[in-house]
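> please work out how this folds:
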Amino acid sequence: MSSPETRTLLPPTPSVRSRLWDRDKASRTNAPPPSPASVAPRTRSWKPPSLSTPVLVGVIVLTLLLAAIIEVLAQRSQARKGLAQAPTLNEIPQYAIIGYRYVPNIVAVLFSLLWNWIDLDVKRIQPWTELSKPGGATAQNSILLDYPSDFIAVAPVRAAKRRHWAVFLSGSIMVLVFWVLTPLQTALFGTSAATHTLPVTITQRSELLPPDRQLQDLRFLHRAYAIGWMNNSYPAFTTPEYALLPFYVDDDVALSGQNKTWTSNTTKLWAEVDCSPVSYRNTGNKTGDGELVYRFSADDCFADVNLDPNKTDVWLYYRDSRSFDFVDAMSWNCSSQSDDHNSALVLWSQKMNISSTNSQEFNLTALQCHVSFHKQAVLATVAALDLRPVNDGIKARAGSMNLTSSEFNMTSYKESLPSYPVLPTNKGSGAQDITDIQSPDFFVPDSGFSPSSSVLLQYGIVSYNGSPDLLSDPLQLESLVRGVHEKFFSLSIADRLGNKTDPADDDTCMSTFTMTGIVVSRVLAVIVEVLLVLIAVAAGLIAYHMKSSPCNLVTAPGSIDHLIDIAHNSPMASKLFWPMDMADDKRLARDLQGYRFQLTINPESGQNELIIAEGNLESSDEQWQDLANDNYYKPIKPLALGRTAGCAFAVLIAAGAGVLSYLKAQEVNLNGLTRPSSNFEVRQLLENYIPTVFATVVEPFWIFLTRTFCIFQPFQDLWSGSSRPEKSIKAEYTSVPPQMVFYRALKSRHIMLALLCLVTLLANVLAVSLGALFNERLTTVEYPRLFKPMYNQGHLNATMIATYQTRWGFSNEFMFMLLANMTYDAQLIPWVSTEYYFQPHEITGSGDDGPDDTYVLRTMGLGADANCTSVAASSHVIKEHSTTSSGITSICDDNVESIGRQLIRDALQKQSSAPAAAAYYESLVFGGVLDRPSIDCNPALTFCWARAPDGLKENETMTTSYSVCRPVLKTAMFDIVVDRLGHVLDYQLINGSQPALHYANLTSDAGSFFMTLNNLLYPVDSWSNSTNTLNWISQMIYLETGSRDFIDPKLPLPDLTKLTPVINKVYSRIVAAFFGRNTDFFDAVEQDSTIEGKRVTRETRIFMDNTAFIISMTVLGLDLAVALFFYSRATLYVLPRFPTTLGSVLAYIAPSRAVRDGSAPSPGWRSQTFSFGRYMGHDGKGHVGIEMDPHVVMARDTSLGSRSKPLFQPLLGGGEPLEGDGITVQLEDWERRRRRLG
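Residues are numbered from 1 along each chain as shown. Got it, this is the predicted structure:
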């Protein structure tokens, strides 16, 4: 190399060029010099079409259009709170689901392909634009640039250092498109629920009936019982504290929405209780039963009350002298007449241990409580599904006002309260079923209160969790009274309403509902839009740069033959590269340091010429001397083609496929993957962004590898020998993105390159499939859970069964539970179904459980079969019978005759002429309840159905039919589903399970159980002239069938073949409920034991789309197969440097005859073949590079990389390594063989 002082600027004069080709001039052409008329005009310069102004302007418009579309969708999503909305996630239209999962990914991938093309053209045109500048460019900034072969993330950094701003912009945007924009585009859309509000028309309102029509029955007490005991929900527009006047909406546009509410103006109704202390004293009197008489004084009235010293009680007495529960209370005495009948005396009493000097023998808390009723205009919100008020949605529109007697019938309301001595005389309907005339009679077990405590207050005690002693606090006692009155008043309103007759035409309410839709993340949308605007700006700057930058290219520089033509037209520059054929990249850069090159267009030929604008040409002779004796070199192996990189890439692909397979297996096993976060943006990044990032890591490597192999492929054909031009020097593999080379490679039968192009193209498909792989939906999830048995159901406790009536009397409270279940669909008590009572279990470890979770376990179910047989119908004459014995001598006999006699006696007592019907049943029982004898049979329960079509008169005829039932216990094992409180939701019989209840005294204990139960079912009456249900069984049959025909006196006797199965179902309900209410019929489990079961919950989980998963695994599998196949091949590497730069390729072709002769010297050019190897250049010296056949000796891998062996084996034939200079010997050998072969 010459020093800087010796550098000279050499103009491209014809004299210089003629001297370079003196040796071969005669052989090249004998044509005369061109005449002036034949001089070609200046040719218009060539630039890649993708970098033309119209194309780049189109890209700018497209980019801004995408940003605008995203902004429009984001704004519409924000304004409408979602796109393609549906009530639930699973109901979103399929086209919308596919659209939001795939379309953004496809658009992002297509956009990346478009920008990839632009980026490639910017990078490959950069050397030519540098060479086209006035004064040219240095070698390092022009012919030694290798941007297209750089890894995607490296090119912008190198370009910035060299101040090549077009490459910097395009490369930076490519990085952003690959690793930011494409993944964000996939994470841009998601699904979420949102709340909407729309006005809707109210079609009907309700109002209070006139007071004289507010006729109250006792059905609301049964509803109160269902609420208090069975956790049943309150009626529509009702809460424990108040009731709302109802309003109804039809044809709501949002009826399909979830969590829907209606908000409208209405009236709120409620009761208030104000209490004040009452003075009292012990009168010193006692009743005959030992009760103490206390006098209580309030205002100008006093009352004497008898208190039992053996009980802890709570009582309530109204001032109208009528008390609850028929207790022995003296009348109120007032000095003046008072109209205040809404004041009551409330007492809490408890006996206390006293000293002999103290005359007071009770702890007492006494309050006078005044009950008042109010109304208020409010703006109320109710849930549209069950019309239950939303407490925080009640807003006052005016002050509260008292309900007057002209609006509310207070008398009928108070008379309907439980156990009030005056039963309701006015009914809202003509029917008087048993539920209309009998209120639930119950008390709270284990509450600490006496069963004789006020029934009214026991409705409050149901929800009272404190000790009875706490009610000694006046505030606690007042709270109890207030809660009971508020509850009963709000429940009674539903039976006092009628439809409003004059609704307003413009009466509307606001419908608020939740819809699930596709939402656009506002944060990610802004980021994507900013990126797209940056891309548009970058595209504009690139367009400006391309417009203003000179480019003297005449044709597209897409192949080696294009450089051959330029080298042919540039003899001076070509000579500079003659000695550099075996130089590596570093030496090539060192030898070209200080040179400037310029690309021009020959004004005569119109072809490109490469001239040396600055540098000392004579120094090339020194370079030749340096390299003349260096006949050996170490072949270069590109990093991307090395097995180290290949192994790392294969491991990455295998790991990705393994992770996806593992996640799919977990999804199948766990029924979905747990959501990593509740934040929408975080989930989008984890579920969409990261998978797409993986794809955009795989794709750049395939692009890098394929682009490298696109450069490598023509040389591979060349060193294989005798390569046709279209497969080697004319192959245009580097002029388009690797994804687009597939067809060209396939056409040239470059199968390996075609495979690489295919997987590179499929990497875009992978980005789409991975972006759409994960999605969320609501699903059912199961967790293991342990359950602890609470009772031993393998043995009945005979003592507790025999003493039931001693402890509880004739309480049939469990029947009210069944009626509440059948009437109001109230939940049965825990562990009870309509057929069985299941062994209760304690649910362990339930701290993280949700309120809607369910539990699955295997346990024993205990029930009964009524086991009924029918007795043929018979006729009887209604007349007096003797009182002689019925002939029944054993508990095991049926009582058909006894029932017939009873019906006749009842008929003679009623004496009516209207048609009558009877539904009666009876069971034989022992006279006593203690010390029952052993029972060796199933006691009978006989049902009788009777008709007296001509009335209940003497000597008239009645017809009867009977079902004689002898119940038996039945047990089996079940898989049951319960909620967290034990309410049975579903159960499934385990086939083949054996009865678990069997021991020596089972028959006797079961008989005692059935006798105890049947004794509680006695009817209150028999004959009726209506279709009213007068007993429990009839009411339940009516609720079960929905028909009253079986008790209609105008219809024939019921068909027992149809009625008997109904009786069996009803009796099964009764037995299961009776067991469930009396768990002390079983012994507690003595030792700790657990069984395994499951907790079942509903969760929104992540699922892998099957189509996307199959596509992803297929692409990854193909990627892995191609990678393993590619990197496992034995590949010959003979290049001293990789031909990624113009200078590197020029050094391979400069000394060749192809350059000397040009790319098309004769019509036989297409049949000419080329090879890469050793050849004697037209300068008379040996070179390594591309030459026309047969002037080249091909390389062999066994001769490379070691100076101890000759560089090449002979091309034709075998032979041992030759001595002497490898080049000279092998060339001479090749010449001898060529001559010998003719």
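> quick one, longest strand in the chain?
In the chain, taking DSSP state E as the definition, the longest strand is strand 362-383.
> OK, contacts around Ala657?
With contact taken as Cβ atoms under 8 Å, 6 or more residues apart in numbering, Ala657 is in contact with Met1113, Leu1116, Gly1117, Leu1120. For glycine as for every other residue, the C-beta is placed from the backbone atoms N, C-alpha and C.
> can you add pLDDT and give those residues back as a markdown table?
Output for those, formatted as a markdown table (pLDDT from 0 to 100):
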| residue | pLDDT |
| --- | --- |
| Met1113 | 95 |
| Leu1116 | 95 |
| Gly1117 | 95 |
| Leu1120 | 95 |
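> now, of those, which are buried?
Met1113, Leu1116, Leu1120 (16 or more other Cβ atoms under 10 Å).
> how about the second one: what's its closest non-neighbour residue?
In this structure, Leu1116 finds its nearest non-sequential neighbour in Ala657, 4.3 Å apart by Cβ to Cβ, 6 or more residues apart in numbering.
> now do the host helix or strand of Tyr1175: distance to the chain's middle.
Element membership for Tyr1175, per DSSP states H and E: strand 1170-1176. Relative to the centre of its chain, strand 1170-1176 is centred 66 Å away, using Cα atoms, centre = their mean, to the nearest Å.
> restricting to C-alpha, output it in CSV.
Presented in CSV, the C-alpha positions along strand 1170-1176 are these (Å, rounded to 0.1, in the frame of the first residue of the first chain):
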residue,chain,number,x,y,z
PHE,A,1170,-19.0,-21.4,-14.8
SER,A,1171,-17.2,-22.8,-11.8
PHE,A,1172,-15.5,-21.6,-8.7
GLY,A,1173,-11.9,-22.7,-8.1
ARG,A,1174,-8.3,-22.1,-9.2
TYR,A,1175,-7.8,-20.7,-12.6
MET,A,1176,-5.1,-18.9,-14.6
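> now do it: which elements does it pack against?
helix 690-720, strand 1182-1188, strand 1192-1194, helix 1222-1236 (3 or more Cβ pairs under 8 Å, 6 or more residues apart in numbering; DSSP states H and E).
> and the angle for that strand with helix 690-720?
Angle, strand 1170-1176 to helix 690-720, by axes from the mean of the first three to the mean of the last three Cα atoms, to 10 degrees: 50 degrees.
> and strand 1170-1176, what's its mean pLDDT?
Averaging the model's pLDDT scores along strand 1170-1176 yields 88.
> relative to strand 1182-1188, how tilted is it?
150 degrees.
> packing partners of the lengthiest helix in the chain?
In the chain, taking DSSP state H as the definition, the longest helix is helix 94-131. Counting contacts by 3+ Cβ pairs under 8 Å, 6+ apart, helix 94-131 is packed against helix 53-80, strand 83-86, helix 165-176, helix 182-187, strand 189-208, helix 522-548, strand 596-601, helix 751-771.
> reformat these as CSV; add mean neighbour count, distance to Tyr837 and mean pLDDT.
Output for the helices and strands packed on helix 94-131, formatted as CSV (neighbours: other Cβ atoms under 10 Å; distance: least, Cβ to Cβ, whole Å; pLDDT from 0 to 100):
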stretch, mean neighbour count, distance to Tyr837, mean pLDDT
helix 53-80, 16, 52, 92
strand 83-86, 19, 42, 84
helix 165-176, 23, 68, 93
helix 182-187, 27, 54, 80
strand 189-208, 17, 40, 84
helix 522-548, 18, 56, 92
strand 596-601, 23, 98, 91
helix 751-771, 23, 54, 90
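> quick one, which of the ones you listed is nearest to Thr1090?
Closest to Thr1090 of the helices and strands packed on helix 94-131, according to Cβ to Cβ: strand 189-208, at 38.6 Å.
> can you give me how far the next helix or strand after that closest one is from the chain middle?
Using DSSP H and E, the helix or strand that follows strand 189-208 towards the C-terminus is helix 219-230. Taking Cα atoms, centre = their mean, one finds the center of helix 219-230 at 38 Å from the center of the full chain.
> over to stretch 364-384?
Counting by Cα atoms, centre = their mean, stretch 364-384 is centred 42 Å from the centre of its parent chain.
> ok, now stretch 193-208?
29 Å.
> do you have the helices of the stretch 801-950 of the chain handy? List them.
Assigned by DSSP state H, counting those that start in this stretch, the helices in the stretch 801-950 of the chain fall at 804-808, 813-824, 896-910.
> packing partners of the second one?
When contacts are defined as 3+ Cβ pairs under 8 Å, 6+ apart, helix 813-824 packs onto helix 219-230, helix 1032-1041, helix 1056-1077.
> now go through the contacts of Ala657 and say which are in helices.
Using DSSP H, those in helices are Met1113, Leu1116, Gly1117, Leu1120.
> show me which of those residues is closest to Met230.
Of these, the one sitting nearest to Met230 (Cβ to Cβ) turns out to be Met1113, at 52.7 Å.
> isn't Gln598 right up against Ala139?
No - using Cβ atoms under 8 Å, Gln598 makes no contact with Ala139, being 11.6 Å away.
> just give the number of residues close to Gln140.
16 (other Cβ atoms under 10 Å).
> now stretch 565-572: buried residues?
Going by 16+ other Cβ under 10 Å, stretch 565-572 has these buried residues: Asp565, Ile566, Ala567, His568, Asn569, Ser570, Pro571, Met572.
> pull the CA atoms of that stretch into PDB?
Extracted as PDB, the C-alpha positions of stretch 565-572 are listed here (Å, rounded to 0.1, in the frame of the first residue of the first chain):
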ATOM      1  CA  ASP A 565     -20.600  -6.300 -16.700                       C
ATOM      2  CA  ILE A 566     -19.600  -3.400 -14.500                       C
ATOM      3  CA  ALA A 567     -16.100  -4.900 -14.000                       C
ATOM      4  CA  HIS A 568     -15.900  -5.500 -17.700                       C
ATOM      5  CA  ASN A 569     -16.600  -1.800 -18.300                       C
ATOM      6  CA  SER A 570     -14.200  -0.800 -15.600                       C
ATOM      7  CA  PRO A 571     -10.800  -2.300 -16.400                       C
ATOM      8  CA  MET A 572      -8.800   0.100 -14.200                       C
END
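> and that stretch, average pLDDT?
The average pLDDT within stretch 565-572 is 88.
> ok, stretch 365-385 next?
Across stretch 365-385, pLDDT averages out at 89.
> check stretch 781-797 too.
On average, stretch 781-797 scores 87.
> do stretch 229-237 as well
For stretch 229-237, the mean pLDDT works out to 83.
> what does that stretch rub up against?
223, 226-227, 240, 243-246, 382, 386-389, 442, 462, 490-491, 494, 816-817, 820-821, 824-829, 981.
> burial count for the closest residue to Glu687 other than its chain neighbours?
Closest residue to Glu687 apart from its sequence neighbours, by Cβ to Cβ, 6+ apart: Phe774 at 4.1 Å. By other Cβ under 10 Å, 23 other residues sit near Phe774.
> residues touching Ile878, list them.
Taking Cβ under 8 Å, 6+ apart, we find Ile878 in contact with Ile904, Ala907, Leu908, Ala948, Leu952, Lys953, Glu954, Asn955, Glu956, Thr957, Met958.
> switch the cut-off to 6 Å
Neighbouring residues of Ile878 by Cβ atoms under 6 Å, 6 or more residues apart in numbering: Ile904, Ala907, Glu954, Glu956, Met958.
> and which of those residues is nearest Leu83?
Met958 (73.3 Å).
> wait, a strand at the closest one?
Yes - with DSSP: H, G, I helix; E, B strand; the rest coil as the criterion, Met958 is assigned to a strand.
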